[in-house]
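> Let me see the structure of the following:
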Amino acid sequence: MAIRVGNKGYQSEINITPYIDILLVLLIIFMTTAPMQRHDHPVRVPQPPSAEQQKKPRTDSLIIEMDLERKVKLNKEPITLEKLEATLTEFFSRSAVKDVFIRGDASLPYGEIFPLLDIARRSGANNIALLKMNTPAAPENAQASR
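Predicted coordinates:
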């Protein structure tokens, strides 16, 4: 630290040269030791799914369907309402994913789908999404809309 005595009084300045020297020495040390460090965690890049995996349906997503005849299907397999609750409860007890998709025919009243919502909620589903089943338009409906 240098002190100057002048006309305006005392002025002090900090000599930063030693700090810069220390900084440069540390920079050189880090630059030389960084390439020598070993990393314990290998990097794994995700691979695209094989053709066999793409054909398989996902087993972690549950889709409950109800058609116009009020027939219930779980992942396209017919099931009764009594067995549905037991199956869902067993699945949710084993799985971390607690999502359910409920697909109903668009012409069904909401009251017909509501028991499926109750069963899914009682079974332990956290997220329930409602989907609309796409049905082909009947020829008589197509003529009436013209």
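> Where does the record place the domain boundaries for this protein?
With automatic domain parsing as the criterion, the domains of the chain are listed as 2-35, 57-135.
> closest to residue 49 out of those domains?
Residue 49 sits nearest to domain 57-135 of all those, at 11.1 Å, using C-beta to C-beta. From N, CA and C alone the C-beta is placed, and that goes for glycine too.
> can you give me how far that closest one is from the chain middle?
20 Å (C-alpha atoms, centre = their mean, to the nearest Å).
> Could you confirm residue 52 falls within a strand?
No - looking at residue 52 with DSSP: H, G, I helix; E, B strand; the rest coil, it is helix, so not inside a strand.
> What count of nearby residues applies to it?
7 (other C-beta atoms under 10 Å).
> Could you check the pLDDT of it?
Confidence at residue 52, expressed as pLDDT, is 72.
> can you map out the strands along the chain?
For the chain, the strands defined by DSSP state E cover 2-6, 9-13, 62-66, 72-74, 77-78, 99-105, 127-133.
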